[in-house]
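*Asks:* Test case, fold it:
(2 chains)
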Amino acid sequence: MPPDRTDVLQGTLDLLVLRALAIEPMHGWGLAQRIEQMSGDVFAIQQGTLYPSLQRMKRKGWVDSAWRVTENNRRARYYALTGLGRRQLDAERAQWERTAGAVNGVLNWAE
Amino acid sequence: MLTELLRRLRSLARGGREDAEMEQELHFHLEMETEKNRAAGMDAREARRQAHLRLGGVAPVQEAVRDARGVRPVSDAIRDVRLTVRSLRRSPLFTAVTIATLSLGIGATTAVYSFVDGILLSPLAYRQPDRLMTVQLVIPELEQFPVWNVNVRSVDAWRRACETTCRELTALQPTSVLATGGTPEPLDGARVLPGIFDLLRVEPLLGRFFRDGNATAGSAGVAVLTHGLWQRRYGGDPSVLGRVITLDDRPVEIVGVLPASFRLPRFENLAATDGWTGRADIFEPLAWTDFQVRSPGAFDYLALLRLPPDVTADRATVELNGILDDAFASTPLHPRAHVLPLAEQVVGAARRPLWLLLAAVAAMLLAACANVSNLLAARWLERSRDLALRGALGAPPRDGMLRALRESLLLAVAGGLGGVLIAHATLHVLLAAAPVDLPRLDEVAVDGAVLATSFGVTLACGLLCALAPAWRASRVAPMEMLTVREAAAGRRGAAPAWLVGLQAALGVGLLVVTGLLLASFVRVMQTDRGFDVERLLAADIQLSHPRYPDPGDLTRVYADVLRGLEDTPGVLAAGLVQRLPLEGRSFIDSLARADDVRPIVEWTLANFRFVSPDYPRAMGIALTRGRMFTEDDRRRRPIVISAEVARTLWPGEDPIGRLVRRGGQDPREVVGVVADARVVDLETAAGFVAYVPYWELPRRQAIVVVRTESDPGAMLAAVTETVRTVAPGLPVHNIRTMDGVLSRAVAGRRFQLSLTGAFALAALLLVGLGVYGVVAAAVERRRTEIAVRLALGATTRRVFGMALGQGMRPVIIGAVFGLAAGVSGGRAAAALLYEVAPHDGIVLGTATLVVLAVALAACLIPATRAVRTPATMLLRSE
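*Replies:* Next up is the predicted model:
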């Protein structure tokens, strides 16, 4: 892993996954690539944590999965956002923006 | 919560498929990553390696996904159980022995508990059974036998005067009638006041019960059949209603049939009625005459009371007593009401023996658990190195204990299943062996409540058995185990010594109780009964009213029957009596010297027996003075008294020719004295017994006794045949040998003794196995050391000493506790003991010696093996 890349912030993986899936249904590997790409290759997804996270979200009903054929004619499990997942994305995004705003507020505090 | 559980279960069920899909998915992921790496210029191997590294391995991800699915604990548990099963399968002998031990223990406990549950714990099968009471009378003036059943005078007074308490008070009189018309069959049953079925809250299956109007003396007969009789004699035919049948040659109309579930409460303790078995076939309405109401005696009725919801037994007693005061004001007896819960009356006598049996079987089960625990601990000792290794690799110590617990619970569950099967299969054997006077035997079954209890017992066993192995598993020091090979283990026992001590204590305790019961049994059997049970037959005969209307007819028929029997080849003597020895007291009246001036109520009560002149000879009761009455005495009033009467009334004098009085009657002349015989029951001296000629009180029911030359069983047919020839149509029933009567009298003791004895033997065997296990394991571990010592000149005696010390110390300590437990067990069983004290020295000593001897033998076998170990053995094993 190149030294300038960083782990996904604790607790934000779900948010990133939900956001990526909001674009279109994807399989696990594709999801990892897409998130890294969307982060401007800043984030390195720990691929091993992606699948348990997907499993958890599936259990909560935020995503759904189905086996489909990829463009290279391979079978892969695709994950898609559900209605519930979309609402969750909104909620997590609002939460994130509040947190980020607060963190920025602290950092930019003029003395 | 529930949906979550269901989801988990579903996902568990689908677990295999989910796992396969995830594997496929990860596989796809790796392929994609590999391709990407290759596109970036890596060679095939490096590309694949980097892909794996990036993912972090398939298995850990799989694990993490399973965790996320939330099935991990369940699937882990299943895996653990599988592992445990596999490890148990690897030692089939060990597994079989432990499961068999636990099966037998739990099986015996379940079977005994089903008795306790069916007889003592489950409520009587009536609605609101706790409101049902029996009422008896305590008559202070009759201090020898103060407790009596009720009589017509008391019941009549209660029903007239008592308003709140006795809204539901009823009485019944046990009867035995002869059904003719078809096969003659004696039927047991009762005459009952009409309210009895309402009081017991039963509805007729067919027809109706009695109306109040039925209960007037002399009215046309009606009867209600029990379900059993209806099925047996009338083939379950519904058209039986309205049919007129013949009972004692009276026409009686069947008006109703009781449901199969109906049971007449068994008043074993109460019944003092001739030949009444407590079985019920048929009920007729009870009616009484003014003469009976006026009579102060005749305490022949059983009274049942259903307490109103707001009335306590004490308040009822007060009200009943107030009425008795008025009703008996003018009589010499002043009875008090004795109100007792029906359940207590029915099962009270069975309570202590059954709880004792349960305690005995529980002790045996505990000893069995100790043994299994011991075996498991030994297994864990073998695993010490394995455990130490795991510990060194970072397994938490908890793991070993959990594994031990799992193993023992699994064994216990298997044992519990086996135990329930054993209990189910052997219950009928126990029921057949159970004494018939044990109440509610038909309600004993391995049912839901029993199963729930044995499940609880099973879990408790699992936990108990886990104690020693868990203790062992948690005591492994990795360093020590990995460096020193066997010496370290040798210093620690395989199992805590207190386990063996516990077994020894239980063994001694059970043996002491068994010994006390055995000594009692032997002493009861050796008691001088005063009569001879060998080759003696007894049979009930019953003369119906219309065929022999005149009392003179009765004595004539009896005389004919006796003569016929005496003339039958193979018969040595024949006699007639109204109540057999050992079958309870009856015909009690006061007896005193004719010159006694005290009021009659202060006289001594005696059991009167109305007998034929040859009765003592047939029964084997020795005539010690004077003579029996003869046919020539018919015009006189002779009496034969027991030795006890003679000793008390005329100490040191000859009673022959003296005069005595029975109650208020004219004086009688004593013509003979016979030996004291246990005419009432086997375990208490009969007190005063007096014999008077049967022709003075001819009754329609009598018992003939026949002393035979050879096997009485072979004479059954001849006896029946003789009676039939002499008196055609005279039913002979309930033919029994006196041996059988005696056997029945000690059936309760035999049952208690054989079960307790079996449990004690099992415990003894377990003590032996336990000691053997401990010593053998110790010797095995120290084999090298022993060989070295012997090679260096130690005597075999020292080696024996070591083995004995190891095995016998806990046993001796345990035995001391066992003696204390046995003595308190004996105290609790005091009611069952006969002429033996709970701390009887011989019993205590023998029990201790037996346990010590077994333990000693168990020590010597492995010790002998140890001293025979040749020193070369040392070289080889190193």
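*Asks:* I'd like the mean pLDDT over the biggest helix by length in chain B, please.
*Replies:* In chain B, with assignment by DSSP state H, the single longest helix is helix B:342-382. On average, the pLDDT along helix B:342-382 is 87.
*Asks:* Could you list every helix and strand that that helix packs against?
*Replies:* Identification of packing neighbours for helix B:342-382 by 3 or more C-beta pairs under 8 Å, 6 or more residues apart in numbering or on different chains; DSSP states H and E yields helix B:92-115, strand B:132-138, helix B:397-433, helix B:448-473, helix B:497-526, helix B:747-781, helix B:796-828. C-beta: built from backbone N, CA, C; applies to glycine.
*Asks:* got the angle between it and strand B:132-138?
*Replies:* Helix B:342-382 runs at 120 degrees relative to strand B:132-138, counting by axes from the mean of the first three to the mean of the last three C-alpha atoms, to 10 degrees.
*Asks:* After helix B:342-382, heading C-terminal, what element do we hit next?
*Replies:* For helix B:342-382, the succeeding helix or strand toward the C-terminus, using DSSP states H and E, is helix B:384-392.
*Asks:* Show me what counts as buried in that following helix.
*Replies:* For helix B:384-392, a neighbour-count test (16 or more other C-beta atoms under 10 Å in any protein chain shown) marks B:Ser384, B:Leu387, B:Ala388, B:Arg390, B:Gly391 as buried.
*Asks:* How far off centre is the longest helix of chain B?
*Replies:* The chain centroid and the centroid of helix B:342-382 are separated by 14 Å under C-alpha atoms, centre = their mean, to the nearest Å.
*Asks:* quick check: angle from that helix to helix B:747-781?
*Replies:* 10 degrees.
*Asks:* who's in contact with the closest residue to B:Gly207 other than its chain neighbours?
*Replies:* Nearest non-adjacent residue to B:Gly207, counting by C-beta to C-beta, 6 or more residues apart in numbering or on different chains: B:Gly256, 3.6 Å away. Residues in contact with B:Gly256, defined by C-beta atoms under 8 Å, 6 or more residues apart in numbering or on different chains, are B:Pro204, B:Leu205, B:Leu206, B:Gly207, B:Arg208, B:Phe209, B:Val224, B:Leu225, B:Leu241.
*Asks:* What's the local residue count around B:Glu203?
*Replies:* By the criterion of other C-beta atoms under 10 Å in any protein chain shown, B:Glu203 has 12 neighbours.
*Asks:* Most proximal residue of chain B with respect to chain A?
*Replies:* Per C-beta to the nearest C-beta, the residue of chain B with the smallest distance to chain A is B:Gly56, at 3.5 Å.
*Asks:* Not counting sequence-adjacent ones, nearest residue to that residue?
*Replies:* Nearest to B:Gly56 is A:Gly48, by C-beta to C-beta, 6+ apart, at 3.5 Å.
*Asks:* burial of the one you found, as a residue count?
*Replies:* 17.
*Asks:* Leaving out chain neighbours, which residue sits closest to the residue nearest the centre of chain B?
*Replies:* Closest to where the C-alpha atoms of chain B average out (C-alpha atoms, centre = their mean) is B:Leu354, at 4.9 Å. Spatial nearest neighbour of B:Leu354, chain neighbours left out: B:Val116 (5.2 Å); criterion: C-beta to C-beta, 6+ apart.
*Asks:* Which residues are in contact with that neighbour?
*Replies:* With contact set as C-beta under 8 Å, 6+ apart, B:Val116 has these partners: B:Leu354, B:Trp355, B:Leu357, B:Leu358.
*Asks:* Among these, which pair sits farthest apart?
*Replies:* B:Trp355 and B:Leu357 (7.3 Å; C-beta to C-beta).
*Asks:* And the contacts of B:Val116, which is closest to B:Leu499?
*Replies:* Of all these, B:Leu499 sits closest to B:Leu358, with 22.9 Å by C-beta to C-beta.
*Asks:* roughly how far apart are B:Gly16 and B:Arg66?
*Replies:* Using C-beta to C-beta, to the nearest Å, B:Gly16 is found at 12 Å from B:Arg66.
*Asks:* So between the two, which is more surrounded?
*Replies:* A direct count of neighbours by other C-beta under 10 Å for B:Gly16 and B:Arg66 places B:Arg66 higher, at 20 against 9.
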